[in-house]
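Enquirer: the sequence and its predicted three-dimensional model are supplied below.
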Amino acid sequence: DAKTTQPNSMESNEEEPVHLPCNHSTISGTDYIHWYRQLPSQGPEYVIHGLTSNVNNRMASLAIAEDRKSSTLILHRATLRDAAVYYCILRRNTGNQFYFGTGTSLTVIP
Amino acid sequence: NAGVTQTPKFRVLKTGQSMTLLCAQDMNHEYMYWYRQDPGMGLRLIHYSVGEGTTAKGEVPDGYNVSRLKKQNFLLGLESAAPSQTSVYFCASSWDRGPITDTQYFGPGTRLTVL
């Protein structure tokens, strides 16, 4: 199955934008890109997902490269509550499994 | 609307003991999942269910059994616990398996220690 590569950790200042990168060079044409985050001592929660076009929702934006081999999760204005581990996941159109990887641990500095 | 709940929140077992973890969801979701998360790692899928009465193996199924007798409940059993099963266990549920709509909703987790 297709895997993703993310930096282990990143830091951001509070109220500044954050760009979390993800490489998925083996992505296939029907794989969706999902992002989840896991706050400390909690289960993961859905953030956003997309296929080819950039996507926006109330939590974040997802920018997908034209060749789809990479994507970037954008938090427009980081808050202390955004400190979490962010997982980039490829979701096959067939099959039923998520492979979470180790994610990026985001630290937000006040 | 409680979402996904897990029982118990914490448990300590001795090697060889058995136990059952209970997951319940009140969203009428068809699909349910059990994951484990070891320190510093992402989640790994143990077993999943695509509907009442059906179960399937995930990435790391050995040493675990599951049952889905009711749509809202998904049970994870450890017949003979081993220290390697010390982990945090998460249950999740989703409407269906399609990549567009299958947002997974996670429970708060069960922290299991096997001595």
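Expert: Here it is on my side, so go on.
Enquirer: for B:Asn28, what are its contacts?
Expert: Shown in contact with B:Asn28 (Cβ atoms under 8 Å, 6 or more residues apart in numbering or on different chains): B:71-72. The way it works is simple: take the backbone N, C-alpha and C, and place the C-beta from them, glycine included.
Enquirer: quick one, grab the pLDDT at it.
Expert: On pLDDT, B:Asn28 comes in at 93.
Enquirer: surely it forms part of a strand?
Expert: No. Counting by DSSP: H, G, I helix; E, B strand; the rest coil, B:Asn28 falls outside a strand, being coil.
Enquirer: surely B:Glu59 and B:His47 touch.
Expert: No. In this structure, B:Glu59 is not within contact of B:His47 by Cβ atoms under 8 Å, at 9.7 Å.
Enquirer: neighbour-wise, which of the two wins?
Expert: Shown here are B:Glu59 and B:His47; by other Cβ atoms under 10 Å in any protein chain shown, B:His47 has more neighbours (22 against 15).
Enquirer: which residue, other than its chain neighbours, is closest to that one?
Expert: Counting by Cβ to Cβ, 6 or more residues apart in numbering or on different chains, B:His47 lies nearest to B:Val66, which is 4.3 Å off, once chain neighbours are set aside.
Enquirer: sorry, back to before: common neighbours of B:Glu59 and B:His47, please.
Expert: With Cβ under 8 Å, 6+ apart, B:Glu59 and B:His47 have no common neighbours.
Enquirer: can you classify the residue nearest to B:His47 by secondary structure?
Expert: strand.
Enquirer: next, count neighbours for B:Gln37.
Expert: Using other Cβ under 10 Å, B:Gln37 has 19 other residues around it.
Enquirer: test my guess that it contacts B:Leu43.
Expert: Yes. If you go by Cβ under 8 Å, B:Gln37 and B:Leu43 touch, sitting 4.9 Å apart.
Enquirer: shared neighbours, those two?
Expert: Joint contacts of B:Gln37 and B:Leu43 (Cβ under 8 Å, 6+ apart) are B:Phe90.
Enquirer: which stretches of chain B form helices?
Expert: Assigned by DSSP state H, the helices in chain B number zero.
Enquirer: who in it is up against chain A?
Expert: B:4, B:31, B:35, B:40-45, B:48, B:50, B:56, B:58-59, B:90, B:92, B:97, B:99-100, B:102-109 (Cβ under 8 Å from any Cβ of the partner chain).
Enquirer: show me those residues that map onto strands.
Expert: B:4, B:31, B:35, B:43-45, B:48, B:50, B:56, B:90, B:92, B:105-106 (DSSP state E).
Enquirer: and the one helix or strand A:Leu90 maps to, what does it pack onto?
Expert: For A:Leu90, the element it lies in under DSSP states H and E is strand A:84-91. Using 3 or more Cβ pairs under 8 Å, 6 or more residues apart in numbering or on different chains; DSSP states H and E, the elements in contact with strand A:84-91 are strand A:18-23, strand A:32-38, strand A:70-75, strand A:104-109.
Enquirer: can I get the second one in PDB, CA atoms only?
Expert: I take that to be strand A:32-38. Extracted in PDB, the C-alpha atoms of strand A:32-38 (Å, rounded to 0.1, in the frame of the first residue of the first chain):
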ATOM      1  CA  TYR A  32      -7.600  10.200  -1.600                       C
ATOM      2  CA  ILE A  33      -5.400  12.200   0.700                       C
ATOM      3  CA  HIS A  34      -6.800  12.400   4.200                       C
ATOM      4  CA  TRP A  35      -5.500  14.300   7.200                       C
ATOM      5  CA  TYR A  36      -6.300  13.500  10.800                       C
ATOM      6  CA  ARG A  37      -4.900  15.000  14.000                       C
ATOM      7  CA  GLN A  38      -4.500  13.600  17.500                       C
END
